[in-house]
Every structure is written in structure tokens, then in C-alpha cells.
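**Q** just a sequence and a predicted model for now, questions to come.
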Number of protein chains: 2
Amino acid sequence: MHKISAYYQQYKPLSIASQDALDALSKTVAFPKGYLIHRQGQVCREVFLLEKGVARIFYYRDGNDITNQFFCEGEAIAAMESLYSGKPSYYNIELLEDCQLVKVNYREVEKLYAQYHDLESCGRVLAIHCYLEENERNRSFQMLTAKERYLNLLKTQPGILQRVNLGHIASYIGITQVQLSRIRAEIMG
Amino acid sequence: MHKISAYYQQYKPLSIASQDALDALSKTVAFPKGYLIHRQGQVCREVFLLEKGVARIFYYRDGNDITNQFFCEGEAIAAMESLYSGKPSYYNIELLEDCQLVKVNYREVEKLYAQYHDLESCGRVLAIHCYLEENERNRSFQMLTAKERYLNLLKTQPGILQRVNLGHIASYIGITQVQLSRIRAEIMG
DNA sequence: CGCCGAGTTGAACTGAATCAAGAAACGTGG
DNA sequence: CCACGTTTCTTGATTCAGTTCAACTCGGCG
């Protein structure tokens, strides 16, 4: 089983005490393809570490579902805006394959933040990391074309393309499936 | 003079020690309308607290400048993505009126984080706040129309509209000035 | 063998950008 | 205080990129 402490330590090293306290909170769970580990309208209180499988965050607009983010092995999954704000989430989280996950209750983690300064420091860096990702996504929508965003995705998450259908990727990039198909044809030459 | 500690305490209360340490870092400065307090390509190391005036963050694309964010009195200004990542910034920060500001070196603040747990905790909440704002902006681009974004701005920052010209607002919303003019005509009826 | 979902491709349509011209607001110097 | 030039905003006409609608291809699977 993966450890949450290992995930945290990507951002900053932790004392043994903090590591142990964190790891004591984890529970391994598994769900089938198609399962929603979080639904819009609900407050998100759990963070999932993805050990095996692929997942996505999405929401509905006029009946179509629009993908916001993809997750691969080793990444942490949550409806962060809800987790952080305590308000109901706008998003759903769906497993796109059978998945194995490590579950952690975020309120429990927050309690540990108050106890361990080094852990809270790591939590701060993690929040900054989330900010930077969100900022980057914003930037890519403002500064890049759909084609460039597609090429970016190819570069940063090449594995995703084999595991996820085109419609999801198109909505992630902000265009229709039809348009993405044309862009791909264009890229091929 | 405004105090940085007061700004921080919007998010979480601080001990007297933390407050004093923070406030000891501030310097009051003033610049005229049009001055760039940060330029793209440079690494951002300072945070400014806006005491008097209006400012914006913007970048260039194909010669046009595109506004990313507006700031009013009481808000903290920085090229956050650069401040947090330590990489050169994509953005410029421009004063839209003569401004009075409080300047703080972020590296110094980070040193204080290591010393004072309560301050770092506050810094974590602040980073989360930044994340939530960025997320909200993302969401507004994905889920709302330009018209809705305009109405939102009217509601959340009504003062801005009197103090900033239409072109800046249009690019902030993600459309051309021409289109915004039409939307306004439409709203008037 | 034929159905079904996923992807591609063509044609018509639409909303926003662009181009361009006119009106209004603003500041500056005479 | 007015006249002129500059900038800002509005409005109309045209153009274009991307959506929508629909038909067709392909591969997997009962």
C-alpha cells in the first residue's frame, strides 16, 4: 500500500512523528469503473490517493458533461474547492477504470496540522502547489489555443490519451469532440 | 499606515509575537499612475498591500494587453504564480491610479513561517484562499457566459467599473471591447 | 452476421472577432 | 472658457472559427 506520508513528502520532508500520524489515518478502498467517489452538491471531506486506475472530475452543463481534470496513478484526488472551502461542490469525481485508492479524512489531517508544525508547513506547500496548477490551467485557457492545449496534454499526460475517450479530452480542452477530431487530423498532416 | 498583520488576520488570528515580526518587515511606498511595480519575465519577490488606488495584472498576447485581475484598496498584490514558484512571471502589474502601498519581501515572510507555527498556519489558509479565488475564476470561464461574468463583476467589484476603462474590463471577462459594449447595450434594454 | 459505441468527415449555421466609421468625454493650451 | 486633438465608447457591416447536425467508417462483441 502507498503511504500518504510519501505523497506529502514530495513537497517537503516530514518528521517520523508526522509521518506516522498521517499514515495512521489511511484506509485502502477499491471501486469499479464508473463509480462516483464524489457527487456535486455534496461537501467533500475525503482525499483519495490513486494507487491503480484513472479518474476524472467533471460537471454538467446543458446536459453535456464537461471534464475538468484527469488523474493517474500516484495523484491525489478530491474536490479541492469544496474540501478547502467547506461548501458544496460543483463537481463529480468518476472512476474511469476499476480503481484502488487510499482514503484519508481531511478534517483529521487538519487536526494534525495544528499539532505538527512541519506537517502544516508541508500542507502550506501543498496548497501552493494546488494554486499553481489551477493558475497554470487558467493561463492555458487564456494564452493558448485549443490545439496548443491538446499538444500540451500530449506532452504532460501522454498515458491519458490511450485510457480515456475522445469526448472527455475534448471537453477538458474546451472544444467539441468534432473539433478535436479535426485538430488531430490536422496534426497528422 | 495599514499593517500586514491586519491583512493576515483576516484569515486567522495571530499571536502578538507573529504580528510584530510581520509588521517589522513593511515599508510604505508610493508610485504614480501607469507605473509597473512588476514586469513579466522577472521573478516576483515582493508583496504589496494596496492602501490607496487601483491596480491590475495583465499580459500581452499578439500586441494586445489582457487583464487578469483588478485590485482595490485593502487587497494584496503580487504575481503569485512567480512568488510561489520562484520562476519568472508571465504577468505585469500596473498601477491604474496614483497609489500608496505597503511593501513586504516574501522571502522574509517565509523565514518567519519557519519560526512561528501560527503564522505559517495563517499562510496556509492564505494559500488556500488564493487557490479558491483562482478556482472560482476558472469556473466562471468554464460555466458562465461573458454576460454572466460581466454581471458578476458588477456585483462583486462595482467600484472598479467607474475607475477602469472598458477595454481592460472586456479583456478581463474574455471578450473584445466591442462585444462588451454590445452586452451593456443589451442589459440596458 | 448485424448491432453498437467511438471516431471521422462534410455541409450549413451562428456567435463573436475584426474592420471601420461616427459620437461622446476628456484634457490641454491658447 | 472655448477650440482642438486625443482617447474612449458605441454602432453597423463583414468575415471567420467553431458548433451543430447528420451521414458514414471502423472495430469489437453478442
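**A** Noted; the coordinates are in hand. Residues are numbered from 1 along each chain as shown, chains lettered A, B, ... in the order given.

**Q** show the subsequent helix or strand relative to the worst-scoring helix or strand of chain A on mean pLDDT.
**A** Least confident helix or strand, chain A: helix A:158-163 with a mean of 89, by mean pLDDT, DSSP states H and E. Downstream of helix A:158-163, the first helix or strand assigned by DSSP states H and E is helix A:166-173.

**Q** that next one packs against which elements?
**A** Contacts defined by 3 or more C-beta pairs under 8 Å, 6 or more residues apart in numbering or on different chains; DSSP states H and E place helix A:166-173 against strand A:55-61, strand A:64-71, helix A:146-156, helix A:177-188. Every C-beta, even on glycine, is put in place using the N, C-alpha and C of the backbone.

**Q** got the residues of chain A near DNA strand C?
**A** A:165, A:166, A:167, A:177, A:178, A:180, A:181, A:182, A:184, A:185 (C-beta under 7 Å from any atom of the strand).

**Q** any chance of those residues in CSV with distance to residue A:54, pLDDT and neighbour count as columns?
**A** CSV is the format used below for those (distance: C-beta to C-beta, whole Å; pLDDT from 0 to 100; neighbours: other C-beta atoms under 10 Å in any protein chain shown):
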residue, distance to residue A:54, pLDDT, neighbour count
A:165, 11, 92, 10
A:166, 15, 95, 13
A:167, 15, 95, 15
A:177, 19, 96, 14
A:178, 24, 96, 11
A:180, 19, 97, 21
A:181, 21, 96, 13
A:182, 25, 96, 13
A:184, 20, 94, 13
A:185, 25, 93, 9
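
**Q** coming back round to it: make CSV out of the helices and strands packed on helix A:166-173 and add distance to residue A:11.
**A** Shown next, in CSV, are these (distance: least, C-beta to C-beta, whole Å):
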stretch, distance to residue A:11
strand A:55-61, 21
strand A:64-71, 17
helix A:146-156, 19
helix A:177-188, 34
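
**Q** with distance to DNA strand D added, can I get the ones you listed in CSV?
**A** Output for the helices and strands packed on helix A:166-173, formatted as CSV (distance: least, C-beta to the nearest atom of the strand, whole Å):
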stretch, distance to DNA strand D
strand A:55-61, 10
strand A:64-71, 8
helix A:146-156, 6
helix A:177-188, 3
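
**Q** which among those is found nearest to residue B:105?
**A** Closest to residue B:105 of these, according to C-beta to C-beta: helix A:146-156, at 32.8 Å.

**Q** quick check: buried residues in stretch A:147-164?
**A** Using 16 or more other C-beta atoms under 10 Å in any protein chain shown as the test for burial, stretch A:147-164 gives A:147, A:149, A:150, A:153, A:160, A:164.
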